[in-house]
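Asks: Okay, here's the prediction I keep looking at, along with the sequence it came from:
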Amino acid sequence: MKKFIKIDDNDNVVVALQDLAKNDFIEVDNKKIKLIDDVNRGHKIAIKNINTNEKIIKYGFPIGHAIKVIKEGEWVHTHNIKTNLSGINEYRFNQKLIKNTFENKNLTFNGYKRIDGNVGIRNELWIVPTVGCVNGIADNIMKKFKSEIGKLQIDNTNVLKHNYGCSQLGDDHANTRTILCNVAKHPNAGGVLVLGLGCENNYISEFKKYLGNYDEKRIKFLVIQEVNDEIDEGVSLLKELYDNMKNDKREEIPLSELKIGLKCGGSDGFSGITANNLIGKISDFIIAQGGTTVLTEVPEMFGAETILMERAINEEVFKKEVNLINDFKEYYMKFNQPVYENPSPGNKAGGITTLEDKSLGCIQKAGTESVVDVLKYGETLKKHGLNLLSAPGNDMVSTSALAASGCQMVLFSTGRGTPFGTFVPTVKISTNTDLYKLKPHWIDFNAGSMIENTSIDILIENLIKLIISVASGKKVNNEINNFRELAIFKSGITL
């Protein structure tokens, strides 16, 4: 195995691929360099002398500047570099589109066609509470339903619990209602019981107005303050939904109908090199088939946003991207919080030093395709291709936002490991082989073998096969473990 990787020819640092000891030698560009420090894998090593205030270059872009002289062979991290980022920037439209090199393979998967024209990759029965007060009742209804039905003839069941739906005002109230409406109409659900209490802000009669047109055979409603026995009433409605949806059959669907969310969490120094790089290739491949991918985690675009802006399909989309970035910075400033308080302690331990370092790795997931649209939080997908979505970096909130936008699955890279999944299949992709071996019950695919002489072409082929099999019904670890969460973005007052 190689000792290090130099990502771009212009870089003045390399990344250690294994733990290296002080006084070890590495050979970079035909020059032997003696290490001044012990350097853990995923961390950076200077390959030239770097002066105070000189830029540190990784991925071919600055990730910060030296706060003191850094010698050739020295460990480069938080003790000797600092971010270049500050404040809100002005941007100019400078389009640099890149041609997609993948061909349309005319591939298909086996999914469920819905009456509204959307396609699901699961046929699940969900309870969607309008307010957190009924979470326990929802659990009891589903438990009794499953005990009476016995072996299910559908893919799964889920109670999408959350804490909101009451004591909220303004945008928070609207966000909760919008996300829950999107969830109720998600194509991965063959049947949904919307369960209300009866006195909450998010009351069902108003909820229905925002839901718009819906299939009455697929969505039922129950206000539990209005009935004598809410458990029996709920079970009866679930049985109606179940009887309708258990006859649904998978059929051959073109890959152009796939909508895939792109997410990373618990990142390390390999994230931008292995898993995110691989996911970016998959994003380009899916788009070449006519499909759709969605990148979010806006705060983790800071410092790399101009790369995405250059790929805006037109000036209108560019302006949306500018608003996406600056609106999120203003959100931080509104609460007097630092805009660039990132990366996390776990990221730093894994070798990520500054927000630019993290962001340049994060956006690798977006591949090289043009950005066709930018969605506000709670909006649903309208255009095939690469979309950007407004949501925070928080894993549970942003992954829920991807699912609520219409994504049928999420590709989720991680270097540190995380067990959770959202309410759609969440395919965990490890950035390193050690994590894959340690947590096989969390991780579904290992991208770490990319630095162990497995070609990226083989990894692309294998991950595409996995995606098609998941879209066709194969369960991933978050489903097997029944780790399926819904988290809604909140920023305002709780009454």
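Replies: Perfect, thanks for sending it.

Asks: Looking at this structure, which strand is longest?
Replies: Longest strand in the chain by number of residues (criterion: DSSP state E): strand 189-196.

Asks: how much distance is there from the lowest-mean-pLDDT helix or strand in the chain to the middle of the chain?
Replies: The helix or strand of the chain with the lowest confidence, counting by mean pLDDT, DSSP states H and E, is helix 345-349 at a mean of 90. How far helix 345-349 lies from its chain's middle: 19 Å, per Cα atoms, centre = their mean, to the nearest Å.

Asks: After that helix, which helix or strand is next? Please name it.
Replies: helix 355-362 (DSSP states H and E).

Asks: For whichever helix or strand comes after that next one, name the packing helices and strands.
Replies: Downstream of helix 355-362, the first helix or strand assigned by DSSP H and E is strand 371-375. Counting contacts by 3 or more Cβ pairs under 8 Å, 6 or more residues apart in numbering; DSSP states H and E, strand 371-375 packs against helix 315-334, strand 385-389. (Glycine included, C-beta is placed from N, CA and C.)

Asks: Give me the contact list for the longest strand of the chain.
Replies: Here strand 189-196 makes contact (Cβ atoms under 8 Å, 6 or more residues apart in numbering) with 112, 120, 122-131, 134, 137-138, 141, 154, 180, 183-185, 202-204, 207, 218-224, 234, 237-238, 241-242, 244-245, 248.

Asks: Please export the C-alpha coordinates of whichever helix or strand comes after it as CSV.
Replies: Downstream of strand 189-196, the first helix or strand assigned by DSSP H and E is helix 204-211. Presented in CSV, the C-alpha positions along helix 204-211 are these (Å, rounded to 0.1, in the frame of the first residue of the first chain):
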residue,chain,number,x,y,z
ILE,A,204,-55.5,17.9,10.0
SER,A,205,-58.2,20.0,8.3
GLU,A,206,-55.6,22.7,7.6
PHE,A,207,-53.0,20.0,6.8
LYS,A,208,-55.2,18.6,4.0
LYS,A,209,-55.3,22.0,2.3
TYR,A,210,-51.6,22.1,2.0
LEU,A,211,-51.4,18.5,1.0
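
Asks: what pairs with the next helix or strand after helix 204-211, and is each one parallel or antiparallel?
Replies: Scanning forward in sequence from helix 204-211 by DSSP H and E, the next helix or strand is strand 219-223. When pairing is defined by DSSP bridges, strand 219-223 lines up against strand 189-196 (parallel).

Asks: Show me the protein divided up by domain.
Replies: 4-82, 124-249, 253-480 (automatic domain parsing).

Asks: Return the distance of the longest strand of the chain from the chain's centre.
Replies: For strand 189-196, the distance to the chain centre is 24 Å (Cα atoms, centre = their mean).

Asks: Make a markdown table out of the helices and strands packed on strand 371-375 and add distance to Met309, mean neighbour count and mean pLDDT.
Replies: Listed next are the helices and strands packed on strand 371-375 as a markdown table, based on distance: least, Cβ to Cβ, whole Å; neighbours: other Cβ atoms under 10 Å; pLDDT from 0 to 100:
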| stretch | distance to Met309 | mean neighbour count | mean pLDDT |
| --- | --- | --- | --- |
| helix 315-334 | 5 | 16 | 94 |
| strand 385-389 | 10 | 25 | 98 |
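
Asks: between those, which gets nearest to Asn446?
Replies: strand 385-389 (25.1 Å; Cβ to Cβ).

Asks: All set now, cheers.
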